[in-house]
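Asks: Return atomic coordinates for the entry below.
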Amino acid sequence: MTTAGDPNLRHLLARAVAVEQRIRRAVEARQLTDPDPDDAFRGLYLTDENIARLLDETEARAFPHPVPDSGEAPDSGEAPAERSRLTSLAGEFGLTDLDVEILLISLVPDLDDRFEAFYGYLNDDVTRRRPSIGLALGLCGLSPADQVARGRLSARAPLREGRLLLVEDLDRPFLTRALRVPDRVTAHLLGDDTPDPRLADLLAPWHAVPGVGDPAPLAGALAHGASLAYLREDQGGAGTALAASALTRAGHRVLGLDLARLAEDPSPAEAVRSLVREARLTGAGVVCAPLDAVSREHPELLRLLTGTPVPTILVGRAPWDASWSAAPPLLLHAPRVEPSTRAALWTDAYDAPVPETIDVDRLLSPFLLTPEQITRAARGAAQTTHLDGGTLTPDHVRQGARAQNAAGLDRLARRIEPTVTWEDLVLPPDTHAQLRELTARARHRDRVLGEWGMRPGGGRGRGVSALFAGDSGTGKTMSAEVIAADLGLDLYTVDLATVIDKYVGETEKNLERIFSEAAGVNGVLLFDEADAIFGKRSDVKDAHDRYANVESAYLLQRMESFDGLAILATNLRANLDDAFTRRLDLVIDFPVPDPEQRLVLWERCLGPVLPRGKDLDLAFCAENFELAGGNIRSIAVTSAYLAADTGEPVTMPTLIHAIQREYQKLGRLTLASEFGPYLELLA
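Replies: Below you'll find the model as predicted:
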């Protein structure tokens, strides 16, 4: 083994030579006092001759240095003890000289396989090839009854508390328990900085991101001895990036811990101890996120994380609870990635020229993404681009951003991928203009409420909310889908069956779950038939009224703090509580279409492919039948089925028959004044 170019390894092996000399002397003493050297069963264990031969095999071994008679550690050639990892480790973990000697005695079997035989011989048991506590103390020249020496191997001593040394065979007497150095510690002392495999599934690749927040205040506090901080962030916050930047500026490496994965680990406390050891070995600080993943179910893990001797920065959305830590943390707020920064981060991660026609800033403006999500979105867009021919399109940018959505909301609401556009809407000009204004609010809310400081007080979020009021079939749901498509977002329609519960307090819990999951999703949240859960509060006459009012009051507060885009759709606007309408950004009415709009709807619903008879009189239908767009769509579909059954085009009798069926569904009378000359077709 060549060690000339590695001062750290030269120093470590030089210290191990002294251990070898001590073992040599112990073996020689054992040979002189062996009570039965002529034992017939010597073949079951190591003989004196085998041990003597192994002691002479110094050539081409891990320790190719001459062993001095004094037993002192030889000169390593450069003697840079202050630069060796062993010396740094002793300083970081507070090890005494005795601790270091015990660590080396336990380490050498992993550096030279001869020591397995030596320890088996000295333990008088060929199967026990690691040093025991009694043997280690004896090699250090100490009495096994020395309480101070024994205390250096107690559970709370630095060697064991820092997980530098493991004591095995705990069912055996104290002095015969085996000592072992974990593989990660051995690898570190030999110069390997690969993280502990135990942490492979828990580490997150969080790193410093230039231009996101100001890390100087936190970095200064860390440099002056602060060891615990909590960065509270909103959706799309840059907490992990800011924490990593602060640690880097303070001179620490960064270890990211994914608390969501930690919560699912079968032995999370053990994983935290391994993480702390990793941080101490490498001089790193720990960034832990998201705190919300463990704050409710596993508060004991937070107490364990906040009590570590390494710089620890927690990131989450929940308010800080003083019971999570014995020491008060630095409490800071992590900013969002503002619109002016998103495009630059996305372009850097895309790692390819972006066509001039692609306005990444505008495409990403409706999304609230963390720096890590922006990076993943760019890489996802790059992969999709390669599949589609290599040319980046706006859809690729949006698909990459939508792919960062959490899946939790899919269990509580129905997700719709929008397929309609503004051209598909048939609405009055004023309604159309209000929908455009709502879209502009959603697209520019971060600039207006964040950069320009137009955010109102009272704990209100950056959300945008609107009410769509109108009869059934007038285009409320379709308009929500168009807005989602224009913003590049998914549409989530809330199923009232998953919300309403007859038991007191359960409806609020269900709604809280929906709002909480929606906070991790970039999408449009649509509450259809909203009057069922956003209804008016009434005078309290009995317990039912009281709890119904509590439910409405909770919704009022929750809507104000929501950061997303929420649309309430109702057929009964008058049933909504006035306090809701005050908190809404827009209230948009959807009237029944006029004859001109109905003619356009008839043409679009029948479509260009469906075979039509020459006798179709769509102008008559538009003028005489006062129907909403949803009803016209239903009639067109019914006509298509009738035509498919007969094998003929859609004719006027087919259409009149479909209209009659729709009237029956609606409970409307078939009046001669409406059907005119086509009344006879009803027979």
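
Asks: And the helices in the stretch 101-250 of the chain?
Replies: Assigned by DSSP state H, counting those that start in this stretch, the helices in the stretch 101-250 of the chain fall at 114-122, 133-139, 147-151, 158-161, 183-189, 216-223, 239-249.

Asks: ranking these by burial, who's on top?
Replies: helix 239-249 (a mean of 26; mean count of other Cβ atoms under 10 Å). Glycine gets a C-beta too; all of them are placed from N, C-alpha and C.

Asks: List the neighbours of that one that are in contact with it.
Replies: 204, 206-210, 212-213, 215-216, 218-219, 222, 229, 231-233, 253-254, 256, 284-285, 287, 289, 311, 313, 315-316, 334-335, 370-372 (Cβ atoms under 8 Å, 6 or more residues apart in numbering).

Asks: show me where pLDDT drops low in the protein?
Replies: 1-5, 30-83, 455-461, 495-498, 502, 504-505, 531-556, 575-577, 579, 683 (pLDDT under 70).

Asks: hmm, back to that, can I get the helices of the stretch 101-250 of the chain in TSV including distance to residue 473?
Replies: Putting the helices of the stretch 101-250 of the chain into TSV (distance: least, Cβ to Cβ, whole Å) gives the following:
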stretch	distance to residue 473
helix 114-122	82
helix 133-139	82
helix 147-151	82
helix 158-161	70
helix 183-189	66
helix 216-223	55
helix 239-249	45
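
Asks: Mark which of the contacts of helix 239-249 are buried, thanks.
Replies: 204, 206-209, 212-213, 215, 218-219, 222, 229, 231-233, 254, 256, 284-285, 287, 289, 311, 313, 315-316, 334-335, 370-372 (16 or more other Cβ atoms under 10 Å).

Asks: before we move on, back to that, which members of the contacts of helix 239-249 occur in strands, if any?
Replies: The members of these that map onto strands under DSSP state E are 204, 229, 231-232, 253-254, 256, 284-285, 287, 289, 313, 315-316.

Asks: which two in those are spaced the farthest apart?
Replies: 232 and 253 (24.3 Å; Cβ to Cβ).

Asks: Tell me who's in contact with the closest residue to residue 226 other than its chain neighbours.
Replies: Closest residue in space to residue 226, ignoring its immediate chain neighbours: residue 330 at 5.8 Å, by Cβ to Cβ, 6 or more residues apart in numbering. When contacts are counted by Cβ under 8 Å, 6+ apart, residue 330 touches 218, 221, 226, 228, 229, 230.

Asks: what kind of secondary structure is the nearest residue to residue 265 once chain neighbours are set aside in?
Replies: Residue nearest to residue 265 in three dimensions, not counting chain neighbours: residue 271, with 5.2 Å by Cβ to Cβ, 6+ apart. Applying DSSP: H, G, I helix; E, B strand; the rest coil to residue 271 yields a three-state assignment of helix.

Asks: To residue 592, which of the helices of the stretch 101-250 of the chain lies closest?
Replies: Of all the helices of the stretch 101-250 of the chain, it is helix 239-249 that lies closest to residue 592, at 49.2 Å by Cβ to Cβ.

Asks: CA atoms of the closest one as PDB?
Replies: Extracted in PDB, the C-alpha atoms of helix 239-249 (Å, rounded to 0.1, in the frame of the first residue of the first chain):
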ATOM      1  CA  GLY A 239     -36.500  28.000   2.600                       C
ATOM      2  CA  THR A 240     -34.200  25.000   1.800                       C
ATOM      3  CA  ALA A 241     -32.200  27.000  -0.700                       C
ATOM      4  CA  LEU A 242     -31.800  29.900   1.700                       C
ATOM      5  CA  ALA A 243     -30.700  27.600   4.500                       C
ATOM      6  CA  ALA A 244     -28.200  25.900   2.300                       C
ATOM      7  CA  SER A 245     -26.800  29.300   1.200                       C
ATOM      8  CA  ALA A 246     -26.400  30.400   4.800                       C
ATOM      9  CA  LEU A 247     -24.600  27.200   5.800                       C
ATOM     10  CA  THR A 248     -22.300  27.400   2.800                       C
ATOM     11  CA  ARG A 249     -21.500  31.100   3.600                       C
END
